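# need a 3D model of the sequence below.
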Amino acid sequence: MTLSIEAGSEFEESLQEFNLLLELAVQADENDEDEQYAVFLKCALLLLTSKFECFLEELVEEVGDWIRTENVPCSVLPIEISTHYTHRRSCNVESHYNQAKFEDIRVSSTALAKFWLDQDSGDFEIDCKFSYGKHGEKEVAKLLRRVGVPDPFDAINVEIEKADGTTQQVDMAGIVNSLTAIRNNVLHQNASPQLTHVFLLEKHACLLKFSQELVTHIENMLGGLVSQGT
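This is a model prediction of the structure:
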């Protein structure tokens with residue numbers, strides 16, 4: 001019943017497209033092609049932020065699939081996971097009631113009862129998508145709460161190595177908010193931010209490190225809980 005999340009390695013592989021854009025940007029910079037340099041960097045920023053959000057959604061989906069496939073009992077899951085599923089089912093019940101779909105209410109209620117009695121997690125499902133049009137630190141935390149990590153920017157420590165060989169802890173919440181703000185300005189205000197390839201490479205390294213630490217954290221957390229409960 002080991003949980004092995006693939007979203008992390010897929011995220012790292014997907015960033016090859018980002019790396020290609022950075023290489024083109026560096027070439028443009030070396031050739032004093034300022035306009036091309038700026039365009040490549042804007043495209044790289046948009047790609048980096050979208051790939052990161054896709055990684056988070058795929059990670060959450062993987063956890064939900066694993067819980068359902070392995071029929072993991074409710075009693076060993078973090079309360080955030082169990083209550084998220086319950087909320088989704090309860091919303092379905094309300095919708096069915098408003099539409100007079102009484103048999104569907106029975107099915108949903110029975111599934112909830114079996115889940116909380118540790119009898120069946122066979123129809124377990126997590127909403128793995130960001131709220132439409134919403135991004136940033138709070139939305140990341142909201143999404144990851146559904147897989148038992150309510151405070152990801154406190155639980156996951158990211159350190160980077162400085163030029164002098166020492167390490168420095170990174171403010172990941174600040175990085176996510178900063179990149180989100182720049183991305184929104186590009187998309188919605190047609191802004192031309194003063195980006196550099198060095199800046200984006202630093203943020204790329206931080207997001208990649210965060211993804212690796214997050215995957216390890218969730219694998220250890222859920223795998224350990226399940227081992228204790230079985």
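
# distance of residue 85 relative to residue 45?
As judged by Cβ to Cβ, to the nearest Å, residue 85 and residue 45 stand 35 Å apart. No exception for glycine: its C-beta is placed from N, CA and C like everyone else's.

# parallel or antiparallel, which strands does the helix or strand of the chain with the lowest mean pLDDT pair with?
Lowest mean confidence among the helices and strands of the chain (mean pLDDT, DSSP states H and E): strand 159-161, at a mean of 84. Paired with strand 159-161 in the same sheet, following DSSP bridges, are strand 167-169 (antiparallel).

# just list what the strand or helix carrying residue 211 packs against, helices and strands only.
Secondary structure from DSSP states H and E places residue 211 in helix 197-229. With contacts defined as 3 or more Cβ pairs under 8 Å, 6 or more residues apart in numbering; DSSP states H and E, helix 197-229 has these neighbours: helix 7-14, helix 16-30, helix 34-70, strand 159-161, helix 172-189.

# can you tell which of the ones you listed is closest to residue 148?
Taking Cβ to Cβ, helix 34-70 is the member of these nearest to residue 148, at 8.2 Å.

# circling back to that earlier point, quick one: which of residue 85 and residue 45 has more around it?
It is residue 85, of residue 85 and residue 45, that has more neighbours when counted by other Cβ atoms under 10 Å, with 26 against 21.

# buried set for the least confident helix or strand of the chain?
Residues of strand 159-161 classed as buried by neighbour count (16 or more other Cβ atoms under 10 Å): none.

# just the CA trace of the host helix or strand of residue 87, in CSV.
In the assignment (DSSP H and E), residue 87 maps to helix 79-98. This file holds the C-alpha atoms of helix 79-98, laid out as CSV (Å, rounded to 0.1, in the frame of the first residue of the first chain):
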residue,chain,number,x,y,z
ILE,A,79,-9.1,14.9,9.1
GLU,A,80,-8.7,17.5,6.3
ILE,A,81,-8.9,14.7,3.7
SER,A,82,-12.0,13.1,5.3
THR,A,83,-13.9,16.3,5.8
HIS,A,84,-13.2,17.5,2.2
TYR,A,85,-14.7,14.3,0.8
THR,A,86,-17.6,14.7,3.2
HIS,A,87,-18.2,18.3,2.1
ARG,A,88,-18.2,17.3,-1.6
ARG,A,89,-20.7,14.5,-1.0
SER,A,90,-22.9,16.7,1.1
CYS,A,91,-23.0,19.3,-1.6
ASN,A,92,-24.1,16.5,-4.0
VAL,A,93,-26.8,15.6,-1.5
GLU,A,94,-28.1,19.1,-1.4
SER,A,95,-28.1,19.3,-5.2
HIS,A,96,-29.9,16.0,-5.5
TYR,A,97,-32.5,17.1,-3.0
ASN,A,98,-33.2,20.4,-4.9
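
# before we move on, the earlier item: so what touches the least confident helix or strand of the chain?
167-170, 202, 205-206, 209 (Cβ atoms under 8 Å, 6 or more residues apart in numbering).

# for residue 150, which non-adjacent residue is spatially closest?
Distances taken as Cβ to Cβ, 6 or more residues apart in numbering place residue 80 nearest to residue 150, at 5.6 Å, with adjacent residues excluded.

# verify the stated contact: that neighbour with residue 144.
No - counting by Cβ atoms under 8 Å, residue 80 stays clear of residue 144, with 9.1 Å between them.

# okay, those two: which has more neighbours?
Taking neighbours as other Cβ under 10 Å, residue 80 and residue 144 compare with residue 144 leading, 24 against 15.
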